[in-house]
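J.: Provided below for reference: sequence and predicted model.
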Amino acid sequence: MEYSLLCHNLYAFSFSPVKKKLFLLCIMFLLWVYMLYSCVGYCTTMPSLVVDTHRGKETESAGKRTASGRAELMSKLLPRPQNWVDLESDYDEPSVRTASRDLLNNEIEVDRADDWDEIRGEQRSPEPSAMSSFSNGSGSKKLPQAIIIGVKKGGTRALLEFLRVHPDIRAVGAEPHFFDRNYDNGLDWYRDLMPKTLEGQITMEKTPSYFVTKEAPARIYAMSRDTKLIVVVRDPVTRAISDYTQTLSKKPDIPTFESLTFKNRTTGLIDTSWSAVQIGIYAKHLDNWLQFFPMRQILFVSGERLISDPAGELGRVQDFLGLKRIITDKHFYFNQTKGFPCLKKAEGSSKPHCLGKTKGRTHPNIDPEVVQRLRDFYRPFNMKFYQMTGHNFGWD
Ligand SMILES: Nc1ncnc2c1ncn2[C@@H]1O[C@H](COP(=O)(O)OS(=O)(=O)O)[C@@H](OP(=O)(O)O)[C@H]1O
């Protein structure tokens, strides 16, 4: 009797139309609260992600949790950013960072502003094709087997973007700066920045400051003694002017190139502590690398030929990496307006692409006497470099 009464009450409860509506409303409310919660979580994550990426070194001290969080967030952003990323190198030569000049000390911040803009751009407008690779979960993240280690303003971005056309190359778009600024974050952090690769694909990155970082050769060797190293070199005088032009574009009030070049203009003594000058002493930096890596493991790409004959240089790079020559002259066209070779189709896109406006800036006119003095300064170092590499780059 009692049992049938209970059943009756339960039946009345579950099928009462008012209670049924209340029950449904409750579920809808809970769903709504859950969606709101997820949305708020997403929105608060995005800005911190950008800020962390932008801050780079400054956030390092926040500890492992922050670092791994940043790695996770960066990996979501960076492995397959917009196909034609055009980040500008954002480093200064370490020994010069300690120089007393405000101009030099501020250079990292000045350059970082470019990364900030570009990475924001990548978040805003990933192309549909980029999105499909972005969400491609196949493969696994590996440490890079080949790295473009330099030189700043040599043409490193062009080389990396051209290489990314190759189906057997996957590269991280932004500069990880692992072997100079972020080494304390550890190899897992570094690996996590890399895009996923399938068997037979090569993982790559480019950070041009490695070439002038004293600790970089030993650190890369410790990661893998088999790492293939690529250096894009350019006439050191033009490179110095290009470097200066980059800083000038962000800080128009800096002293003239001519005054920064000399320790003492009257005596004509060159200021080798100025990073723009020092980076171009290639023979000196190369010596450091040869303490750890044999010459056959380093490929030197001519920055000049990368412009005049991109397919030729890309052929050499593909051979060096042990890849089939897939990138050929059919992939390039010369854009008259830009004044540089561009890709007919960038990786994952059907549209032609040139590098952005931070690549190929108009250089200021430099006093020809100062240019000549710099040429004289670099000549013996260039000769030594040609001797070491067995290649005359024709800068003299
Ligand atoms: N195809 C193509 N398009 C545009 N620019 C090209 C290209 N190939 C090489 N270059 C030259 O690359 C120079 C910039 O070098 P990096 O990319 O190594 O600069 S950075 O260190 O990453 O900031 C850049 O230097 P500036 O001309 O002084 O701006 C270019 O001369």
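T.: Now that the structure is in, tell me what you want to look at.
J.: dump the residue contacts of P294.
T.: P294 makes no contacts at all, as judged by CB atoms under 8 Å, 6 or more residues apart in numbering. Where C-beta positions appear, they are placed from N, C-alpha and C, glycine not excepted.
J.: and it, how close does it get to the ligand?
T.: Going from P294 to the ligand by CB to the nearest ligand atom, to the nearest Å gives 25 Å.
J.: I'd like the average pLDDT over stretch 209-229.
T.: The average pLDDT for stretch 209-229 rounds to 98.
J.: I misspoke; the intended subject was stretch 143-152.
T.: 98.
J.: F179 contacts E215, correct?
T.: Yes. Counting by CB atoms under 8 Å, F179 does reach E215; the two are 7.1 Å apart.
J.: same drill for those two, tell me which one is more crowded.
T.: More neighbours surround F179 than the other of F179 and E215, with 23 against 13 (other CB atoms under 10 Å).
J.: just checking, Q145 touches I220?
T.: No. With contact defined as CB under 8 Å, Q145 does not count as touching I220 (11.2 Å).
J.: please identify every residue contacting each of these two.
T.: The contact sets of Q145 and I220 overlap at T227 (CB under 8 Å, 6+ apart).
J.: which of those two has more residues huddled nearby?
T.: I220 (22 against 16).
J.: in a helix, the more buried one, correct?
T.: Yes. Looking at I220 with DSSP: H, G, I helix; E, B strand; the rest coil, it is inside a helix.
J.: test my guess that it contacts F179.
T.: Yes. Under the criterion of CB under 8 Å, I220 makes contact with F179 at 5.9 Å.
J.: overlap in contacts of those two?
T.: Y210.
J.: residues in the stretch 101-250 of the chain within reach of the ligand, list them.
T.: For the stretch 101-250 of the chain, the residues in contact with the ligand (CB under 6 Å from any ligand atom) are 152-158, 208, 242, 245.
J.: for the closest residue to the ligand within the stretch 201-350 of the chain, phi and psi?
T.: As assessed by CB to the nearest ligand atom, the ligand sits closest to S242 within the stretch 201-350 of the chain, at 3.1 Å. When quoted as degrees, to the nearest 10, the phi and psi of S242 stand at phi -60, psi -40.
J.: pLDDT score for it?
T.: Model confidence at S242 (pLDDT) stands at 98.
J.: and it, what does it touch?
T.: S242 touches 153, 234, 361, 363, counting by CB under 8 Å, 6+ apart.
J.: ok, of those, which come out buried?
T.: When the contacts of S242 are checked for burial by 16 or more other CB atoms under 10 Å, the buried set is 153, 234.
J.: turn the contacts of S242 into CSV, including secondary structure.
T.: CSV is the format used below for the contacts of S242 (three-state DSSP):
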residue, secondary structure
K153, coil
R234, coil
R361, coil
H363, coil
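J.: just flag the most distant two among the contacts of S242.
T.: Greatest spatial distance among the contacts of S242 (CB to CB): R234 and R361, at 13.9 Å.
J.: name the nearest of the contacts of S242 relative to K324.
T.: Nearest member of the contacts of S242 to K324, counting by CB to CB, is R234, at 27.8 Å.
J.: which residue is the nearest non-sequential neighbour of that closest one?
T.: Nearest non-adjacent residue to R234, counting by CB to CB, 6 or more residues apart in numbering: G303, 3.2 Å away.
J.: wait, that neighbour touches G154, no?
T.: Yes. Counting by CB under 8 Å, G303 does reach G154; the two are 4.5 Å apart.
J.: F292: neighbouring residues, count only.
T.: Neighbour count of F292, defined by other CB under 10 Å: 17.
J.: make sure it is indeed in a helix.
T.: No. Assessed with three-state DSSP, F292 is coil; it does not lie in a helix.
J.: do you know the pLDDT at it?
T.: Looking at F292, the pLDDT reads 98.
J.: quick check, nearest of the contacts of S242 to F377?
T.: For these, the nearest to F377 is R234 (16.1 Å; CB to CB).
J.: apart from its chain neighbours, what residue comes closest to K384?
T.: A283 is the one closest to K384 (CB to CB, 6+ apart), at 3.9 Å.
J.: now the one you found: phi and psi?
T.: With angles defined as degrees, to the nearest 10, A283 sits at phi -60, psi -40.
J.: tell me the contacts of it?
T.: 381-382, 384-385, 388 are the contacts of A283 under CB under 8 Å, 6+ apart.
J.: and if you look at V317?
T.: By CB under 8 Å, 6+ apart, the neighbours of V317 are 159, 163, 230, 299, 301.
J.: redo those residues as CSV? Include neighbour count and distance to F332.
T.: Compiled in CSV, the contacts of V317 are given as follows (neighbours: other CB atoms under 10 Å; distance: CB to CB, whole Å):
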residue, neighbour count, distance to F332
L159, 22, 13
L163, 25, 13
I230, 23, 19
L299, 20, 20
V301, 23, 15
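J.: identify the farthest-apart pair in these.
T.: L163 and L299 (11.8 Å).
J.: so which strand or helix has the nearest residue to T328 once chain neighbours are set aside?
T.: Computed as CB to CB, 6+ apart, the closest residue to T328 that is not its neighbour in sequence is A311, at 5.4 Å. Assigned by DSSP states H and E, A311 belongs to helix 310-320.
J.: show me which residues of that helix are buried.
T.: The neighbour-count criterion (16+ other CB under 10 Å) identifies 310, 313-314, 316-318, 320 as the buried residues of helix 310-320.
J.: now stretch 365-383
T.: For stretch 365-383, the neighbour count (16+ other CB under 10 Å) marks 366, 370-371, 373-374, 377-378, 382 as buried.
J.: please convert the contacts of S242 to a markdown table, extending it with distance to M194.
T.: Converted to a markdown table, the contacts of S242 look like this (distance: CB to CB, whole Å):
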| residue | distance to M194 |
| --- | --- |
| K153 | 25 |
| R234 | 27 |
| R361 | 30 |
| H363 | 35 |
